[in-house]
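Enquirer: Based on what follows, work out the 3D shape:
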Amino acid sequence: QVQLQESGPGLVKPSQTLSLTCTVSGASITTNFYYWSWIRQPPGKGLEWIGYIAFSGTPYYSPSLKNRTSISRDTSKNQFTLQLSSVTPEDTAVYYCASKVIVGYAHPNSPSDYDTWGQGTQVTVSS
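Expert: Numbering: from 1, shown residues only. Okay, here's the model as predicted:
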């Protein structure tokens, strides 16, 4: 059974880079057909997909955030990481990591595509 745990600072200053790590247990992040994603939910709003890194190591980002987003992985630690640059108070949200196994061609770019989630971590952007 896959389990996910987010970690990182809860407070980030405007213009800085938000950095979060998701630690995975129960499966290797290089296992075929796994997609590892970051999703967020701003206060009072719906879930927003940020991007994923596939089992192959290839990342893919939401078009609306791709200029500020980087998702990478550390296979030795079985972790993947989100970096979101030039943050503003509008980036305040609960951030989740999530996963899904999809055999064959796939591009899981919606929160509803994912069936395994971490508990989420609150990130506030404020000076």
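Enquirer: neighbours of I29, just the number please.
Expert: 22 (other C-beta atoms under 10 Å). Every C-beta, even on glycine, is put in place using the N, C-alpha and C of the backbone.
Enquirer: Now do stretch 34-43: everything it contacts.
Expert: Stretch 34-43 is contacted from outside by 20, 22, 24, 27, 29, 47-55, 71, 73, 80, 82, 90, 92-102, 106, 108, 111, 113-114, 117, 120, using C-beta atoms under 8 Å, 6 or more residues apart in numbering.
Enquirer: roughly how far is that stretch from the heart of the chain?
Expert: 5 Å (C-alpha atoms, centre = their mean, to the nearest Å).
Enquirer: how about that stretch: buried residues?
Expert: Y34, Y35, W36, S37, W38, I39, R40 (16 or more other C-beta atoms under 10 Å).
Enquirer: Also stretch 9-26?
Expert: V12, L18, S19, L20, T21, C22, T23, V24.
Enquirer: from these, which is closest to S126?
Expert: Of all the buried residues of stretch 9-26, V12 has the smallest distance to S126: 8.1 Å, by C-beta to C-beta.
Enquirer: any idea how far the residue nearest to the spatial centre of the chain lies from W49?
Expert: For the chain, W38 is the residue whose C-alpha lies nearest the centre (C-alpha atoms, centre = their mean; 1.8 Å). W38 sits at a distance of 8 Å from W49 (criterion: C-beta to C-beta, to the nearest Å).
Enquirer: Same check on S25?
Expert: S25 is 23 Å from W49, by C-beta to C-beta.
Enquirer: As a check, name the ranges of all strands in the chain.
Expert: For the chain, the strands defined by DSSP state E occupy 3-7, 11-12, 18-25, 34-41, 48-54, 59-61, 69-74, 79-84, 93-101, 116-117, 121-125.
Enquirer: Mind putting the ones you listed into TSV with mean pLDDT?
Expert: TSV is the format used below for the strands of the chain (pLDDT from 0 to 100):
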stretch	mean pLDDT
strand 3-7	98
strand 11-12	98
strand 18-25	98
strand 34-41	98
strand 48-54	98
strand 59-61	97
strand 69-74	98
strand 79-84	98
strand 93-101	97
strand 116-117	98
strand 121-125	98
